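J.: quick one, structure for this:
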Amino acid sequence: MEQPKRTVRVAAAIIGNGSEIFATQRGYGAYKDYWEFPGGKIEPGETPEQAIVREIHEELSAVIRVERHFMTVEYEYPTFHLSMKCFLASVVSGELKLLEHESAAWLSRDRLRSVNWLPADLLVVEQLERER
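T.: Have a look, this model is predicted:
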């Protein structure tokens, strides 16, 4: 009998600045060079909103305000199940500095598909396109 996959719970920020959305490129791991919405694991006892504020501060040295829940993505990767809570957010202080990522870009909605997204994040891109 196959073992159930572990579930990884993460929160991701869809950081906007009017007409553009911030995307980051992974610099490590099995999905190195793929693009994603920044964020990370939800720690025990933390709400998804608290996790995303903490993760953005740790990874990008900025403070964000969570505007609202956008969508939750459930995605089966080969070795784990991803449960990703995605939030629309804006920067309230600091500048987005790359501390862990390889690259980053502000993408207009018509350029969202110009980068190679992680499969789960591509579902978010598709929803953003539907909600223009």
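J.: check the gap between the residue most central in space within the chain and residue 4 for me.
T.: In the chain, the centroid-proximal residue (Cα atoms, centre = their mean) is residue 37; its distance is 2.7 Å. Distance of residue 37 to residue 4, given as Cβ to Cβ, to the nearest Å: 26 Å. Bear in mind the C-beta positions are built from the backbone N, C-alpha and C, glycine included.
J.: list the helices and strands the helix or strand of the chain with the lowest mean pLDDT packs on?
T.: Among the helices and strands of the chain, strand 103-108 carries the lowest confidence by mean pLDDT, DSSP states H and E, at a mean of 90. Applying 3 or more Cβ pairs under 8 Å, 6 or more residues apart in numbering; DSSP states H and E, one finds that strand 103-108 contacts strand 20-25.
J.: now the strand it packs on: average pLDDT?
T.: For strand 20-25, the mean pLDDT works out to 93.
J.: stretch 57-71 too?
T.: pLDDT averaged over stretch 57-71 gives 93.
J.: just the endpoints, please. Distance across that stretch?
T.: 22 Å (Cα to Cα, to the nearest Å).
J.: my read is that residue 72 contacts residue 83, right?
T.: Yes: proximity of residue 72 to residue 83 meets the contact threshold set by Cβ atoms under 8 Å, at 7.0 Å.
J.: got the CA positions of stretch 106-117 in PDB?
T.: Below are the C-alpha coordinates for stretch 106-117, written out as PDB (Å, rounded to 0.1, in the frame of the first residue of the first chain):
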ATOM      1  CA  TRP A 106       7.600  43.200 -11.500                       C
ATOM      2  CA  LEU A 107       5.300  41.800 -14.200                       C
ATOM      3  CA  SER A 108       2.400  43.500 -15.800                       C
ATOM      4  CA  ARG A 109      -0.600  41.300 -16.200                       C
ATOM      5  CA  ASP A 110       0.100  40.800 -19.900                       C
ATOM      6  CA  ARG A 111       3.600  39.700 -19.100                       C
ATOM      7  CA  LEU A 112       2.700  37.200 -16.400                       C
ATOM      8  CA  ARG A 113       3.400  34.200 -18.700                       C
ATOM      9  CA  SER A 114       6.800  35.500 -19.700                       C
ATOM     10  CA  VAL A 115       8.500  33.500 -16.900                       C
ATOM     11  CA  ASN A 116       8.500  29.800 -16.100                       C
ATOM     12  CA  TRP A 117       6.100  29.400 -13.100                       C
END
